[in-house]
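**Student:** need a structure here:
(one chain, ligands or ions: 2)
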Amino acid sequence: MNSAFYFIKQKLEKAVEHLLPAQCLLCALPSHNKLICSYCQKALSQPRACCLYCGLSLSSSQPFCGDCLKQKHLFTKLHALAGYQSPYSILIKQLKYENKLIAGELLGQLLVDSIASHFSSDEIGEFDYLIAVPLHDKKLRRRGFNQAQLIADIVSRQLKIPLLANTIERSKETQAQEGLSISKRRKNLRAAFTVNKNNLLQGKKVALLDDVVTTGATINSLCKCLLAEQVASISVFCICRTDPLRHQV
Ligand SMILES: [Zn+2]
Ligand SMILES: [Zn+2]
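**Tutor:** Numbering: from 1, shown residues only. Ligands and ions are numbered 1, 2, ... in the order given. Here you go, the predicted model:
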């Protein structure tokens, strides 16, 4: 039902796109049949200073943030396309709350380019599975699609990382993380995920994908679940890495 809805919606959106003049999704200049124009592409391709471990934006060119100098994470590395800032934050909202799937298409493409420029093709080829952070069934029914899954589909297709779907479930409908304090977010997510198939993940190198990572509470909860399945390593890809002390998104 959900995938049929998503499929038809995407087909309709694609059909409408062909009727419209090719305009940049961000600035409306001619984009010559691409999602964004060459000016926007150039502006968004600028490298950003960030922590090499957790992806947090940094104002200096130090390799790691203060947090990562003090503590280890359950993942090997988190790679974020950007901090929580325009135009990424706007595109995420358009995707999640206005069902604008073309925004997801653009975010997926930008993330693909960013991963390809930060990881070697050997490193990318070593991932056994790409897993989108799942939504609880109720939320999936309400929204009609999982935004992380939509972006993961694009990343999987273009970087040839096998997509593993329907293996991990969000077993508990958690309260929205937005606006909760760090400790409340962790409590909210306790034991939120379960794995459906036994031994499938044992010894595998896994990449997780989420749209926004703030405190990392969701990712950590999922990492614990995957480590219990004895995965070899976990990397994380996301669109926006938010500074939890500055934004409560
Ligand atoms: Zn543009
Ligand atoms: Zn860090």
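**Student:** C-alpha only now, for contacts and for neighbours.
**Tutor:** Fine.
**Student:** Looks like residue 193 contacts residue 170 (just checking).
**Tutor:** Yes. Judged on Cα atoms under 8 Å, residue 193 makes contact with residue 170 at a distance of 4.5 Å.
**Student:** With neighbour numbers in mind, choose between the two.
**Tutor:** residue 193 (24 against 18; other Cα atoms under 10 Å).
**Student:** now that one: how far from residue 226?
**Tutor:** 9 Å (Cα to Cα, to the nearest Å).
**Student:** Confirm that residue 209 sits in a helix.
**Tutor:** No. Counting by DSSP: H, G, I helix; E, B strand; the rest coil, one finds residue 209 to be strand, located in no helix.
**Student:** List the contacts of it.
**Tutor:** 130, 131, 132, 133, 148, 149, 152, 236, 237, 238 (Cα atoms under 8 Å, 6 or more residues apart in numbering).
**Student:** what are the phi and psi values for the third one?
**Tutor:** Phi and psi for residue 132, reported as degrees, to the nearest 10, are phi -80, psi 140.
**Student:** With the fifth one instead?
**Tutor:** Backbone torsions for residue 148, taken as degrees, to the nearest 10, come to phi -70, psi -40.
**Student:** I figured it hits residue 132, correct?
**Tutor:** Yes. If you go by Cα under 8 Å, residue 148 and residue 132 touch, sitting 5.4 Å apart.
**Student:** the more surrounded of the two?
**Tutor:** Neighbours per residue (other Cα under 10 Å) separate residue 148 from residue 132, with residue 132 holding more: 27 against 23.
**Student:** For that one, name its beta-bridge partners.
**Tutor:** residue 209 (DSSP bridges).
**Student:** Could you do residue 240 as well?
**Tutor:** According to DSSP bridges, beta-bridge pairing links residue 240 with residue 82, residue 212.
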